[in-house]
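>>> I'll drop the sequence and a predicted model, then ask my questions.
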Amino acid sequence: MKYIIKLNMILVLVIVQGHFAKAQYVIKEADAQYDLYNYQKAIELYTAAYQKKKTLHSVERLAESYRLTRDYKQAESWFAILTAMEGAKSDATLKYAEALRHNAKYAEAKVQFKKYADMEKETTVAQRLLWSASCDSAIKWMQNPKFVTLKNEQGLNSPQSDWGAIKYGNGLVFTSDRTNVSAEAKASKNRPFLKFDGSKLPDRNTYGWTGNDYLRLYEKSTGNDTVGLFPIDPGTNYHVGNASFTPDVNEVFFTLTRIPNRIERKKGAPTTVNIELYSSKKVSGVWQKPVAFRYNAVDSYSVGDPLVTDNGNTLYFVSNMPGGKGGTDIYKSTRNADSTWSDALNLSQYNSSGNERTPMFDAEGNLYFSSDGFPGMGGLDIFKAVNNGVQNMGYPLNSADDDFAFTLHSKNEGYLSSNRDGGMGSDDIYSFVEKLILAFKLEGKVFDKQSNEPLANAIVSLTASNGNPLKVATNSDGSFKFDLDANMDYSIQGEKTGYRVASPENLTTKGLTTSTVLRKDLYLEKISIGKAIRLENIYYDFDKSNIRPDAAIELDKLVKIMTENPTIWIELGSHTDSRGNDEYNQSLSQRRANSAVQYIIDKGIEKSRITAKGYGESRLVNGCSNGVKCSVADHQLNRRTEFTITKQ
């Protein structure tokens, strides 16, 4: 007997060591992809490593990878786990706060910003005030939105990144990293830098950071449903960014990345290639070879986001060149009589210690730009220059995410770009128009489903059928309100940290002919980690494990829950009653659990988020164990399928 025990111990040790070695190999591969900025692949590998062994390193890298790919829902989830782990660095708390802010959870973000500032005593008073003012202001802006209607321009947008729409002739030109079959049209996401392993050139077809193609310029003519490449040869296989045209549309300025002839490359060390600004003139209807801008310095800093003024002789751009106030600043340069460009002037009164982006002037000469260095809602916000200062354009022009590339094509209408929730892809192009009449309102409260207590600081999202998303945080009494457009369908959804996201509910203003206040209350269910939740009506044919149609209906409900709550992981457990052989029941329950999990995976849920566990008759809910006489109904209570949330 002692020999058998010793042998079993050796076997267990070998298995554990095998799993550990495999986890270490996966971590090594994940680290290699992470160091190459291939974050999507790194996420897959770190997730696999985490499921084998929950290490601080894998959680840090998962949180950071999701942050860098702008998946802030997942980033929030992983930073919440990270900040609760022993050994977590203080900057994890800062990034957790930023993820909460990106998800419009400003009250919670404010707490984490303060926590970080208390941990890092060198945090300046100015920075503390900026975080606090941004969170407080954002809540007020959301509760008192501007009279503006936004529309997602689905005819322009794709599942990838689309941004920077400007008028061009009788249509629009914009930037996108959508998939393009042309080998010469490969370009990726709105990123300020191109980074790659210094031992080899980056892939000409795919940008590892996002897994998308590289950015290129596209155009769409009025009345034409087709979106096509803008007919210019940029002279690069990599990024080509946003454009600006002279009034006669015979000269265009744009941003690109290219690989310099000389670049210091070290094996295993990432290399940064800065962006540059180029221009091209149209001669006899053909765009000529691009010409480099005077201030390009690919080995030292970036130059981009061009804006040429109405007279064609003043060029505004952004750069992180030395001597600025921090990040990227806005500069301007004028064209001399000999077509050279004057010394660059820093618009210091409008620049901050953060990043300024995408400057634009309206017909009245007002300057608009985006920045993350002034009190804002999160990421880049759109600002208007006023009296040597700046004014935040408020909500919903701004959101908890990046809002930029603001343009006006009339006094009350224009375009902006944003990666806010509810879009078709990463960055999307939105049109906006100032509303003149407010006819309808929506009011309601958010409650805890179990206690019926009101929930403060819950986030309520209202999405119009035209793609216009609005969010608001509930007051201390759980109340919220929205202004509604006439003749519009809406869906409304609530969420709060620690609660399952409620399924969207529908409402409409169609058919309403008089001013009306609609009422809609929402109820959220608390998440209990490790608590089994029974799935009703999951039945199998005798001695079978295939999914019957009636069981599929119930499993589809679980698919819906997982889709609406993309950060949760679950274990799906299958149980039998005590009748029959114990080992056989264990095997049967595992097959049934596997079958149910495979059904859910086939519906599009990532397999890393769900595991199958057969419990056989090991977890009976009553006393109907082996040898105990029970009714059919009592045995039925033990034949059940449950899911348990293992990560929120």
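All right, it came through fine.

>>> okay, now the unreliable bits of the protein?
1-23, 181-212, 261-272, 436-438, 541-542 (pLDDT under 70).

>>> just the helices in it please.
In the chain, the helices defined using DSSP state H lie at 2-35, 39-52, 56-68, 72-83, 90-102, 106-119, 125-143, 549-564, 582-602, 632-638.

>>> pipe the ones you listed into TSV and attach mean neighbour count and distance to Ala473 per row.
Placement of C-beta: from N, CA and C, glycine included. Shown next, in TSV, are the helices of the chain (neighbours: other C-beta atoms under 10 Å; distance: least, C-beta to C-beta, whole Å):
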stretch	mean neighbour count	distance to Ala473
helix 2-35	13	34
helix 39-52	20	29
helix 56-68	22	22
helix 72-83	23	15
helix 90-102	23	12
helix 106-119	20	6
helix 125-143	17	5
helix 549-564	15	19
helix 582-602	18	33
helix 632-638	14	42
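
>>> for Gly304, which of the ones you listed is the nearest?
Smallest distance to Gly304 across the helices of the chain (C-beta to C-beta): 19.6 Å, for helix 56-68.

>>> could you export that closest one as CSV, CA atoms only?
Extracted C-alpha coordinates of helix 56-68, given in CSV (Å, rounded to 0.1, in the frame of the first residue of the first chain):
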residue,chain,number,x,y,z
LEU,A,56,1.0,37.9,-11.5
HIS,A,57,2.9,38.2,-14.8
SER,A,58,0.2,36.7,-16.9
VAL,A,59,-2.4,39.0,-15.3
GLU,A,60,-0.2,42.0,-15.8
ARG,A,61,0.3,41.3,-19.4
LEU,A,62,-3.3,40.4,-20.1
ALA,A,63,-4.4,43.7,-18.6
GLU,A,64,-1.8,45.7,-20.5
SER,A,65,-2.5,43.9,-23.8
TYR,A,66,-6.2,44.7,-23.6
ARG,A,67,-5.4,48.3,-22.6
LEU,A,68,-3.1,48.7,-25.6
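
>>> pull the distance from it to the chain's centre.
Distance, stretch centre to chain centre, for helix 56-68: 15 Å (C-alpha atoms, centre = their mean, to the nearest Å).

>>> for the nearest residue to Gly171 once chain neighbours are set aside, what are its contacts?
The shortest distance from Gly171 to any non-neighbouring residue, by C-beta to C-beta, 6 or more residues apart in numbering, is to Ser221 (3.8 Å). Residues in contact with Ser221 (C-beta atoms under 8 Å, 6 or more residues apart in numbering) are 169-171.

>>> redo the helices of the chain as TSV? Include distance to Glu364.
Below are the helices of the chain laid out as TSV (distance: least, C-beta to C-beta, whole Å):
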stretch	distance to Glu364
helix 2-35	48
helix 39-52	43
helix 56-68	39
helix 72-83	36
helix 90-102	33
helix 106-119	33
helix 125-143	24
helix 549-564	45
helix 582-602	56
helix 632-638	73
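
>>> for Pro359, which of those helices is the nearest?
helix 125-143 (21.7 Å).

>>> now the angle from the closest one to helix 106-119?
170 degrees (axes from the mean of the first three to the mean of the last three C-alpha atoms, to 10 degrees).

>>> CA-only coordinates of helix 125-143 in PDB, if you can.
Extracted in PDB, the C-alpha atoms of helix 125-143 (Å, rounded to 0.1, in the frame of the first residue of the first chain):
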ATOM      1  CA  VAL A 125      -1.400  68.700  -7.000                       C
ATOM      2  CA  ALA A 126      -2.200  69.800 -10.600                       C
ATOM      3  CA  GLN A 127      -2.500  66.100 -11.700                       C
ATOM      4  CA  ARG A 128      -4.700  65.300  -8.700                       C
ATOM      5  CA  LEU A 129      -7.000  68.200  -9.600                       C
ATOM      6  CA  LEU A 130      -7.100  67.200 -13.300                       C
ATOM      7  CA  TRP A 131      -8.200  63.700 -12.500                       C
ATOM      8  CA  SER A 132     -10.800  64.800  -9.900                       C
ATOM      9  CA  ALA A 133     -12.100  67.600 -12.100                       C
ATOM     10  CA  SER A 134     -12.300  65.400 -15.200                       C
ATOM     11  CA  CYS A 135     -14.400  62.800 -13.300                       C
ATOM     12  CA  ASP A 136     -16.700  65.300 -11.700                       C
ATOM     13  CA  SER A 137     -17.200  67.300 -14.900                       C
ATOM     14  CA  ALA A 138     -17.900  64.200 -17.000                       C
ATOM     15  CA  ILE A 139     -20.700  63.200 -14.700                       C
ATOM     16  CA  LYS A 140     -22.200  66.600 -15.000                       C
ATOM     17  CA  TRP A 141     -21.800  66.700 -18.800                       C
ATOM     18  CA  MET A 142     -23.500  63.300 -19.200                       C
ATOM     19  CA  GLN A 143     -26.400  64.400 -17.000                       C
END
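
>>> now for it, which elements pack on it?
Contact partners of helix 125-143 among helices and strands, from 3 or more C-beta pairs under 8 Å, 6 or more residues apart in numbering; DSSP states H and E: helix 90-102, helix 106-119, strand 469-473.

>>> contacts for the longest one, please.
Read it as helix 106-119. With C-beta under 8 Å, 6+ apart as the test, helix 106-119 has contacts from 90-91, 93-94, 96-98, 100-101, 123, 127-128, 131-132, 135-136, 138-139, 456-457, 473, 497.

>>> and the closest residue in space to Gln648 that isn't next to it in sequence, how many neighbours?
If you skip the residues right next to it in sequence, Gln648 has Ile527 as its closest partner in space, 4.9 Å away by C-beta to C-beta, 6+ apart. Close neighbours of Ile527, defined as other C-beta atoms under 10 Å, add up to 16.

>>> same check on the one 3 residues further on?
When counting by other C-beta under 10 Å, one arrives at 8 neighbours for Gly530.

>>> quick one: contacts for the residue lying closest to it once chain neighbours are set aside?
Leaving aside its chain neighbours, Gly530 sits nearest to Thr644 (6.1 Å; criterion: C-beta to C-beta, 6+ apart). By C-beta under 8 Å, 6+ apart, the residues touching Thr644 are 530-533, 570-571, 573.
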